[in-house]
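Visitor: build me a model from this:
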Amino acid sequence: MSRILTPLAFVAIAVAAIAGGWLAETSGAASDVMGRVFAALPSGAQDQVERVAPQLAEGPMPDAGATADDAGTPDAAASEVVAEGPVPPPPAGLFWGVHLPDAPFDPTERRDFVEAIGSQPAIVMWFQEWAGEPGFPVDEARALAADGIVPMITWEAWEPPPASPSLSPEDVLSESRQPAYRLSRVVDGEFDDYLRRYAEQVRDAGVHVMLRPFHEMNGFWYPWGGTVNGNRPADVVAAWRHVHDLFEDVGATNVTWVWSVNHRSLPERPTNRIASYWPGEAYVDWVGLSGFNFGTTSEVASWRSMESVVDDALQELRRYDLPIVLTETATVHQGGDEGEWISDAFAYLLEDHPLLDALVWFEREVEGVRDFRLTSSPAAQEAFRDVIDGGAVLGGPRAYPSPPAGGPS
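Guide: Purely as a prediction, here's the structure:
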C-alpha cells in the first residue's frame with residue numbers, strides 16, 4: 001500500500017527533521033523540500049513544531065533508505081544525551097506503540113514486527129517485576145532511543161505467579177495475595193535500596209523513560225490493588241508518592257510518570273473509584289488506562305467495540321488535563337471481524353477523543369487462550385497498516401519516511 005502524507009504526517013516529518021537537526025545537516029534539494037514543507041504548515045502547526053522539536057532532539061534522522069535491520073543498534077551519541085522533563089505529546093494525531101513479549105531484550109523480534117507493520121513504533125512497552133530486584137536495562141533503553149523510540153516500563157511490585165490458563169475470579173484473586181509486596185511495606189521503606197538503585201540506573205541511561213508503576217490499581221488481580229492484599233486506595237497513593245520522591249531525590253528527571261488505571265473498577269464500589277487513586281498533579285505526567293476486546297474467549301466475555309470498552313474511563317481521565325495514553329489495548333480474533341474492529345476503533349478514537357495522545361498495542365498471545373497479535377491475523381495486520389498509512393497515527397520521531405527498500409510497500 002502506498003503512503004499518503006496528510007497534513008498531520010507533514011507535521012510529524014517536520015518535527016522529526018527539525019528535532020534531529022536534519023535540515024541543518026542536509027544540503028541541496030532535500031533541505032529545500034523540507035524547508036518548503038515547514039513553510040507550508042499553518043502558523044499554529046509551525047509553533048507546535050518549534051515548541052516540541054527541541055524536546056525530541058536525540059541525533060540526526062536516518063537515511064530514507066534505512067532498513068529494519070538497523071533497528072536496535074544504539075549510536076554513540078545515545079549515551080551522551082541527558083533527557084529532561086516528561087515526554088511531550090505529539091503536536092497532532094496520536095503516537096502508537098507496542099508491547100512485545102521479549103521486548104526490549106530481543107531486537108530481532110522488534111525488527112520482524114516493524115517489517116510486518118511497515119512502520120517504527122513511537123513507544124515500546126514491557127513488564128518488569130520487582131521480585132529478584134532486576135536492574136533497569138540501560139543498554140536496551142539506549143538502543144530504543146537511538147531509533148527514536150521511547151521505552152515504557154510497566155513496573156510490577158510482585159512475584160509473577162506461574163502461567164495458568166485459569167481465568168476464574170478465585171484463581172486471579174489468590175494471585176494477588178502476596179503479603180511480601182503489601183503496599184505498607186513500600187511506604188515503610190523496605191524496598192528503598194532497590195528502588196534507589198533502579199532510579200539511579202534510569203537516570204544514568206540518559207534517555208526519556210516512561211515509567212508505569214502500580215498499574216490497574218483499581219482492579220483485584222495484582223497485589224498492589226487498592227482492595228486486596230491488605231491495601232486501601234490511600235495506600236496506593238502513598239506508595240506512588242514514595243516511589244516518585246525517591247526518583248526525584250536521585251535526580252532521575254528523565255522519567256515520565258504514567259498513572260494508568262483499568263478501564264473499569266472491579267470490584268465496583270464507592271471506595272474503589274478511579275479518583276480514589278489520584279496521587280496529585282505534582283506526581284503524574286501522563287494518565288492512562290487499559291482496555292481490551294476479549295471477544296468470545298470465555299463464557300462471560302462478548303465481542304465489544306473500543307468505544308464500549310473505554311469511553312467512560314476516557315471521559316473521566318480528561319478531567320486531569322494531562323496527556324492520555326491507552327497503555328494496553330487490543331482485540332482477539334475470536335467472535336468477530338478483527339480488521340473491522342481496528343478500523344472502527346481508530347476512527348472512534350481520532351474523531352471522538354482528539355485529546356488522546358498515544359496508544360500501545362498488546363502484541364501477545366495470553367496463555368494460549370487469547371491471541372491479541374496483529375501478526376497472527378492478516379486482516380488485523382492490514383487494517384493496522386491502513387490506519388498508519390492514514391497519517392494521523394504516528395510512529396517514532398525517526399520512523400521510516402518511506403518503506404524500507406525491499407520491505408513492505
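Visitor: the longest helix seen in the chain - contacts with which helices or strands?
Guide: The single longest helix within the chain, with elements called by DSSP state H, is helix 233-249. For helix 233-249, the packing partners by 3 or more Cβ pairs under 8 Å, 6 or more residues apart in numbering; DSSP states H and E come out as helix 183-187, helix 192-205, strand 209-213, strand 255-262. Any C-beta I mention is one placed from the backbone N, CA and C, and that applies to glycine too.
Visitor: got the angle for it vs strand 209-213?
Guide: With axes from the mean of the first three to the mean of the last three Cα atoms, to 10 degrees as the basis, helix 233-249 and strand 209-213 are set at 150 degrees to each other.
Visitor: re earlier: in TSV, list the helices and strands packed on helix 233-249 along with mean neighbour count.
Guide: Formatted as TSV, the helices and strands packed on helix 233-249 follow (neighbours: other Cβ atoms under 10 Å):
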stretch	mean neighbour count
helix 183-187	20
helix 192-205	18
strand 209-213	24
strand 255-262	23
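Visitor: mind putting those in TSV, distance to Gly118 and mean pLDDT included?
Guide: Rendered in TSV, the data for those read as follows (distance: least, Cβ to Cβ, whole Å; pLDDT from 0 to 100):
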stretch	distance to Gly118	mean pLDDT
helix 183-187	42	98
helix 192-205	29	98
strand 209-213	24	98
strand 255-262	27	98
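Visitor: show me where this protein has strands.
Guide: Under the criterion DSSP state E, the chain contains strands at 94-99, 123-129, 150-156, 209-213, 255-262, 286-293, 324-331, 356-362, 365-366, 370-371, 393-394.
Visitor: for Ala239, which of the ones you listed is the nearest?
Guide: Closest approach to Ala239 among the strands of the chain (Cβ to Cβ): strand 209-213, 8.3 Å.
Visitor: pLDDT weak spots in the chain?
Guide: 1-81, 164-169, 397-409 (pLDDT under 70).
Visitor: how's it carved up into domains?
Guide: 1-61, 86-394 (automatic domain parsing).
Visitor: comparing those, which comes out most buried?
Guide: Counting by mean count of other Cβ atoms under 10 Å, domain 86-394 has the highest mean neighbour count of the domains of the chain, with a mean of 19.
Visitor: just how off-centre is it within its chain?
Guide: Here domain 86-394 is found 6 Å from its chain centre; the criterion is Cα atoms, centre = their mean, to the nearest Å.
Visitor: what's the end-to-end length of that domain?
Guide: Domain 86-394 has an end-to-end distance of 19 Å (criterion: Cα to Cα, to the nearest Å).
Visitor: what do you get for stretch 143-150?
Guide: Using Cα to Cα, one end of stretch 143-150 lies 10 Å from the other.
Visitor: residues contacting the residue nearest to Arg373 when sequence neighbours are not counted?
Guide: Excluding the flanking residues, the one nearest Arg373 by Cβ to Cβ, 6 or more residues apart in numbering is Glu363, at 5.4 Å. When contacts are counted by Cβ atoms under 8 Å, 6 or more residues apart in numbering, Glu363 touches 98-101, 113, 330, 372-375.
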